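Visitor: show me how the following folds:
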Amino acid sequence: MAAVALFRANVTLMVDSTLAGRAFPPTSAYAVTEANIAAFAQAVGTQWTPGDPAPATFPIVVAFAAMQDLMVDPTVGIKLHNVIHGQQKFVHARSVQAGDHLTAQLTVTGLRQIGGADIIATTSAITDANGELVCTAEATLIHSGGTQ
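Guide: Numbering: from 1, shown residues only. The predicted structure follows:
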């Protein structure tokens, strides 16, 4: 048991531990059009008719931009090629419609290490042009040290 405790005491996170709780700036506004809803629906195999709300998973388009901002930030310490997208959840305040202009602001809500990998929990608040919450996107990113 002492050897396990010693091993754990010597394990360090590969990303900066102060990342937990950090909020990143909002993404640029994303203009939702019927054409990009139709393209998304086709790509994910969802039937969609013009005038319908966007598919429930459509906010990933905006949330992914926020995740990319996190992953390319040089102060974070993530190597993009060592990231696995582990989990995704959407909680909707309302559906996304053509004509929306959406931004996402990502906050790192948790950071821990399991088996040599950083487990990074994020929440992205996706808001419309009026600042009203449209959706919350929760994601878990798994970052390993990988090979240099």
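
Visitor: for the rest of this, base every contact and every neighbour count on C-alpha atoms.
Guide: Fine.

Visitor: in the lengthiest helix in the chain, what counts as buried?
Guide: As assigned by DSSP state H, the longest helix anywhere in the chain is helix 60-72. Within helix 60-72, the residues that count as buried by 16 or more other Cα atoms under 10 Å are 60, 62-67, 69-71.

Visitor: quick one, what contacts the most centrally placed residue in the chain?
Guide: For the chain, the residue nearest the mean C-alpha position is M67 (4.3 Å; Cα atoms, centre = their mean). By Cα atoms under 8 Å, 6 or more residues apart in numbering, the contact list for M67 reads L106.

Visitor: state the distance from it to G99.
Guide: 23 Å (Cα to Cα, to the nearest Å).

Visitor: what does Q113 give?
Guide: Distance of Q113 to G99, given as Cα to Cα: 41 Å.

Visitor: more neighbours, these two?
Guide: More crowded of Q113 and G99, by other Cα atoms under 10 Å: Q113, with 18 against 12.

Visitor: next SSE downstream of the biggest strand by length in the chain?
Guide: For the chain, the strand with the greatest residue count under DSSP state E is strand 101-114. Using DSSP states H and E, the helix or strand that follows strand 101-114 towards the C-terminus is strand 117-127.

Visitor: what segments of this structure are helices?
Guide: Secondary structure of the chain by DSSP H: the helices cover 2-10, 34-44, 60-72.

Visitor: rounded mean pLDDT for the last one, please.
Guide: Same thing as helix 60-72. Taken as a whole, helix 60-72 has a mean pLDDT of 91.

Visitor: how about the nearest residue to I84, chain neighbours excluded?
Guide: Closest residue in space to I84, ignoring its immediate chain neighbours: I142 at 5.0 Å, by Cα to Cα, 6 or more residues apart in numbering.

Visitor: show me where pLDDT drops low in the protein?
Guide: 1-13, 145-148 (pLDDT under 70).

Visitor: from I142, how far out is the closest residue to G77 other than its chain neighbours?
Guide: Closest residue in space to G77, ignoring its immediate chain neighbours: V15 at 5.0 Å, by Cα to Cα, 6+ apart. Here V15 is placed at a distance of 11 Å from I142 (Cα to Cα).

Visitor: with that, I have no additional questions.
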